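Undergrad: Sharing a model that was predicted from the sequence below.
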Amino acid sequence: LRQRQPRKLWLDHDEGTCGAIALLIGMAPLLEELRELSLSYCKGITAVVLTSLQAFPALERLQLQYAPDISGDIVESICRLSSLQHLDISGYDALGDAELAGLATQLPKLETLVMSGCKGVTNAGLHHVATKMLNLKELDIFSCNMVTDEGLMTVCDNLRSLEVLNINCLKETTIIGWEHIAKLEHLRELGIRFLPITGELLRRLVEAVPKLEKLDCCFNQQLTDDDLKVISTLTHLTYLDVSFNKDITDIGVQHLCSLVGLTFLSLESCKKVTDEGVLAVCAALVNLEELDIHEVDELTDRGIENIANLSKLTTLTLYNCSEISANELLSVAKCTCLTSLNLNFCGVGDDGVTNIASGMHKLTNLELVSNEITDASLDHLVEIGKHLKELSLCYNDEFSADAESKLRDAVGEKCKITFARSERFVRRDS
């Protein structure tokens, strides 16, 4: 740490966090460049621990997502970090309106506030945020389910400079509150999962925020092909998630093919999409880096035969696309930038492993859960494992314990191998 002088440090999931922080505090004079610290999911985080972070006067970003042992008056401790600009306290159950009032009063210069899953937050707490934290550029209130239209309206009416807004799963909001989002003309990212924002309202929103770059409308349920045509006018979009929308068809997907700047697209569980839609994507969206088409049930080999046209693709998810054959993985292997591939439940077997080994040398993450893989694939898996950081082989029960041991010995600790057998295992779709 002394040698590298990091600006960012992640201790996520660390069970020895308190000891690690004690060491860091002692080294504080030598870590003058530390700007970002993540303690997400760490045990033993208390008010005392957070108070000690004052030793880093330049700390700008603090992440405390779902730290299970958070206790004491952490808000008071956080407020002492006067240089803080970005704060993530997702999952902090004790966060209520009084605590939010304290944060808003003591940290008015905060630019990012993420409090997804903080179920004690109500409209009153959001009022403090919206009227005092006027520098906020990013607000995440995902699953703050006590927030209603009144709270959302207060946010949109006061925080006109917001660039990122996540209101996923705000189940108590309605069209009355959603309409006010149109006032946020500087919005770049919008999360509206599980909210049926469609039709005329969607059109008005799209017209009001033409520079939107990221849109998440997963599980909208009522989204149609006509709605995708409206979304296709957002020419600045780079990220689009329309997964789990049952009425989307190839026609709607073809509308999206005008969004040539997309780098991320998820069509997960869009059950009416077929080979034609995926072929159109492969032909037009050549800047895609991540494509999720898992559980697109009608997808066959034909749909991905031209996937190599996506020359920038790094992440591909084909989970449960059971009509994809082992042979067609040769087409996937032509995606020379691919680093992450999910083939869980595709049933590609030993032939699939052979084809993966033949060309996908940049892979760092490979998921092959329940693919009927046997000991015959051992040598190929060893070859693949030399490049991987993570390999999942769960529920390939014909792959013996002896072969598993040999694989672990061959690839060493640099590759994390997940392997499990279970007679009780049930596929997710059943």
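TA: That came through fine.

Undergrad: residues contacting the residue lying closest to residue 196 once chain neighbours are set aside?
TA: Nearest in space to residue 196, with sequence neighbours left out and distances taken as CB to CB, 6 or more residues apart in numbering, is residue 222 at 4.5 Å. Heads up, the C-betas are built off the backbone N, CA and C, glycines and all. Neighbour list for residue 222: 196, 198, 247 [criterion: CB atoms under 8 Å, 6 or more residues apart in numbering].

Undergrad: Please repeat the previous calculation with a cut-off of 10 Å.
TA: Residue 222 is in contact with 195-199, 202, 245-247, counting by CB atoms under 10 Å, 6 or more residues apart in numbering.

Undergrad: Looks like residue 6 contacts residue 30 (just checking).
TA: No: between residue 6 and residue 30 there is no contact under CB atoms under 10 Å: 11.2 Å.

Undergrad: if I look at the residue nearest to residue 106 when sequence neighbours are not counted, how far off is residue 187?
TA: Sequence neighbours aside, residue 79 is the residue nearest to residue 106 in space, at 3.6 Å (criterion: CB to CB, 6+ apart). From residue 79 over to residue 187 the distance is 28 Å, taken as CB to CB, to the nearest Å.

Undergrad: Show me where the stretch 301-430 of the chain has its strands.
TA: Applying DSSP state E, counting those that start in this stretch to the stretch 301-430 of the chain gives strands spanning 315-317, 340-342, 365-367, 390-392, 416-418.

Undergrad: any chance of the ones you listed in CSV, plus mean pLDDT, mean neighbour count and distance to residue 37?
TA: Compiled in CSV, the strands of the stretch 301-430 of the chain are given as follows (pLDDT from 0 to 100; neighbours: other CB atoms under 10 Å; distance: least, CB to CB, whole Å):
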stretch, mean pLDDT, mean neighbour count, distance to residue 37
strand 315-317, 98, 20, 27
strand 340-342, 97, 21, 27
strand 365-367, 97, 21, 26
strand 390-392, 96, 18, 25
strand 416-418, 93, 13, 24
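
Undergrad: what would those strands look like in JSON lines with distance to residue 43?
TA: Compiled in JSON lines, the strands of the stretch 301-430 of the chain are given as follows (distance: least, CB to CB, whole Å):
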{"stretch": "strand 315-317", "distance to residue 43": "31"}
{"stretch": "strand 340-342", "distance to residue 43": "29"}
{"stretch": "strand 365-367", "distance to residue 43": "26"}
{"stretch": "strand 390-392", "distance to residue 43": "23"}
{"stretch": "strand 416-418", "distance to residue 43": "21"}
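
Undergrad: after the lowest-mean-pLDDT helix or strand in the chain comes which helix or strand?
TA: One helix or strand of the chain scores below all others by mean pLDDT, DSSP states H and E: helix 17-27, with a mean of 71. The helix or strand immediately downstream of helix 17-27 is strand 36-38, counting by DSSP states H and E.

Undergrad: helices or strands up against the helix or strand just after that following strand?
TA: Toward the C-terminal end, the helix or strand that comes next after strand 36-38 (DSSP H and E) is helix 47-51. The contact analysis (3 or more CB pairs under 10 Å, 6 or more residues apart in numbering; DSSP states H and E) places helix 47-51 against helix 17-27, helix 74-79.

Undergrad: pLDDT score assigned to residue 428?
TA: The model reports residue 428 with a pLDDT of 45.

Undergrad: Out of the helices and strands packed on helix 47-51, which one sits most buried?
TA: helix 74-79 (a mean of 19; mean count of other CB atoms under 10 Å).

Undergrad: C-alpha coordinates for that one, CSV please?
TA: Provided in CSV are the C-alpha atoms of helix 74-79 (Å, rounded to 0.1, in the frame of the first residue of the first chain):
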residue,chain,number,x,y,z
ILE,A,74,-23.2,5.9,12.3
VAL,A,75,-24.8,9.0,10.8
GLU,A,76,-23.0,11.2,13.3
SER,A,77,-19.7,9.4,12.5
ILE,A,78,-20.3,9.7,8.7
CYS,A,79,-21.1,13.4,9.1
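
Undergrad: what packs against it?
TA: The contact analysis (3+ CB pairs under 10 Å, 6+ apart) places helix 74-79 against helix 47-51, helix 97-106.

Undergrad: In a helix, the residue nearest to residue 196, correct?
TA: No: counting by DSSP: H, G, I helix; E, B strand; the rest coil, residue 222 falls outside a helix, being coil.

Undergrad: mind listing the helices for the stretch 51-200 of the chain?
TA: For the stretch 51-200 of the chain, the helices defined by DSSP state H, counting those that start in this stretch cover 74-79, 97-106, 123-132, 149-158, 175-178, 199-208.

Undergrad: what does the stretch 251-400 of the chain give?
TA: 275-284, 329-332, 349-359, 378-385.

Undergrad: quick one: which of these is nearest residue 51?
TA: helix 378-385 (44.6 Å; CB to CB).

Undergrad: Report pLDDT for the residue nearest to residue 106.
TA: pLDDT, read off for residue 79, is 90.

Undergrad: wait, what's in contact with it?
TA: Here residue 79 is in contact with 50, 73, 102-103, 105-107 (CB under 10 Å, 6+ apart).
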